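1. sharing a model that was predicted from the sequence below.
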Amino acid sequence: MATAQVQGPRSAAENRVMPSQRGFLRSLRWIALTTLTIVALAFCSLFVTSDPLTRDQQQLVTEAIALVERSGFGREATVLRRVVFFRSTDNWWNTHVGHQNAYAATNYPFAVVTLYPAFFRFSSDATERAAILLHEVQHVLGSDERLALQRVWLDKQRLGWTAGRYSHTRVWKNTRESTIAAIPGLFQCGLDGQTDCVE
């Protein structure tokens, strides 16, 4: 015959610990819910205050992403396709920060990438648009401007974005100028000490 164990009343210390633990967990849930709500509202506000890409613009972006993938940047292409939210006009955040003379801007950590008219107007083809997107996806992944410039400049030949074909374009000249300013060590090769070390 089984005998039941009778448990005595909880000690005063146990009674004090349990309610305080419940209160702590309740506070953590409230903080987490409030944080998630603020983040969701901030994310939604980036959409409400900006416009989506047009169908023609989306087609150009899709072609550039396909080139990024064909060039061996599978992870970056996946992020561009499945994580990034493309917009065609500035949201309130970009308006506040300002991105004059930019081809694109990324709102980290929200993965919202704004493609400005210059992205479509001044890029000569899908290769240059792919180079710009490769730069922006670095920001989506958490890189700062210097690292994004370095990554694109070091990998530009994989994209087929070379001086022989593109040194005359506006995007090439702007990117080269920005890269020289940020990472001058990449341009100290050759007899003159001013040649691109990656070419």
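-> Done, it's in.
2. tally up the residues packed near T162, please.
-> Using other CB atoms under 10 Å, T162 is surrounded by 14 other residues. Yep, even glycine has a C-beta here, placed from its N, CA and C like the rest.
3. contacting residues around it?
-> 156, 199 (CB atoms under 8 Å, 6 or more residues apart in numbering).
4. how much space between it and A181?
-> Between T162 and A181 the computed distance is 21 Å (CB to CB, to the nearest Å).
5. and if you look at G72?
-> According to CB to CB, G72 stands 28 Å off from A181.
6. again with V48
-> 35 Å.
7. would R81 count as being in a helix?
-> Yes. Assessed with DSSP: H, G, I helix; E, B strand; the rest coil, R81 lies in a helix.
8. that one touches I65, doesn't it?
-> Yes. R81 is in contact with I65 according to CB atoms under 8 Å; the separation is 5.9 Å.
9. give me the more crowded residue out of the two.
-> I65 (25 against 14).
10. can you pull the contacts of the more buried one?
-> Counted by CB under 8 Å, 6+ apart, I65 has contacts 77, 80-81, 130, 133.
11. again, 6 Å this time
-> Residues near I65 by CB atoms under 6 Å, 6 or more residues apart in numbering: 77, 80-81.
12. what do you get for A118?
-> Listed by CB under 6 Å, 6+ apart, the contact partners of A118 are Y103.
13. how about R29?
-> Applying CB under 6 Å, 6+ apart, no residues qualify as near R29.
14. host element of it?
-> Assigned by DSSP states H and E, R29 falls within helix 12-48.
15. swap in T175?
-> helix 170-182.
16. buried ones in that helix?
-> 171-172, 175-176, 178-180, 182 (16 or more other CB atoms under 10 Å).
17. which residues sit in contact with the residue nearest the centre of the chain?
-> Geometric centre of the chain, nearest residue: V140, 1.3 Å, by CA atoms, centre = their mean. By CB under 6 Å, 6+ apart, V140 lies in contact with 79, 84, 106, 111.
18. spatially nearest residue to it, not counting backbone neighbours?
-> Once flanking residues are discounted, V140 sits nearest to A111: 5.0 Å by CB to CB, 6 or more residues apart in numbering.
19. per-residue pLDDT, the one you found?
-> At A111, the predicted lDDT confidence score is 94.
20. what's the spacing between it and F43?
-> 9 Å.
21. those two: which is more packed in?
-> Higher neighbour count among A111 and F43: A111, with 20 against 15, using other CB under 10 Å.
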